[in-house]
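Peer 1: just a sequence and a predicted model for now, questions to come.
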Amino acid sequence: MKIPGLIFLIIFKSFLGSDDFVDPTGTYILKAEVKNHRIVGHSGEIRVKLLDRTHLAISFYINKGFPNYESGAFMDTLLYKENIARYQPVSDPQCNVLILFSSGKAEIQQVYSDPTCHCGFGDGILVSTYFVKSSGEMPIIQDLSGHGKTS
């Protein structure tokens, strides 16, 4: 079900609880559980560098864990307004990935008109969740698509 954009933003502005500007610069981590030496559930990393009050550079990586460890990533420069960055995948223009920044976390939400879409990611890879800020230092923005792979 598609939530009209204005209602969606009102809901999340109330969730965030503040109109105060959040500098999102830093690194955010999503940790999965490890059971029987296997990564179970989603893990990932977001690196953000605020370019000015209305733009940020971002590198994003998420992995859905055992059994296939499928992953998705993107790197882009996004508009930043009201503590929200919006990513629209070229391969799936009916979908928007919202990244809502608040003190100490980045929450991922998907807005789409087709409930079967995957927002340019594989089935079950991208989920609505939150990443915890692990560092406020200026990160290196780079392609994370090979993140966690060993060769």
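Peer 2: Looks like it came in fine.

Peer 1: just the element for the residue nearest the centre of the chain, please.
Peer 2: The centroid of the chain falls nearest to Ile108 when counting by CA atoms, centre = their mean (4.6 Å). Counting by DSSP states H and E, the element that carries Ile108 is strand 105-112.

Peer 1: which residues touch that strand?
Peer 2: Strand 105-112 has contacts (CB atoms under 8 Å, 6 or more residues apart in numbering) with 2-3, 5, 8, 12, 24, 28, 46, 48, 92, 94-100, 119, 126-133. Where C-beta positions appear, they are placed from N, C-alpha and C, glycine not excepted.

Peer 1: what's the first helix or strand after the helix or strand of the chain with the lowest mean pLDDT?
Peer 2: Within the chain, no helix or strand scores below helix 5-16, which has a mean of 53 by mean pLDDT, DSSP states H and E. Toward the C-terminal end, the helix or strand that comes next after helix 5-16 (DSSP H and E) is strand 26-30.
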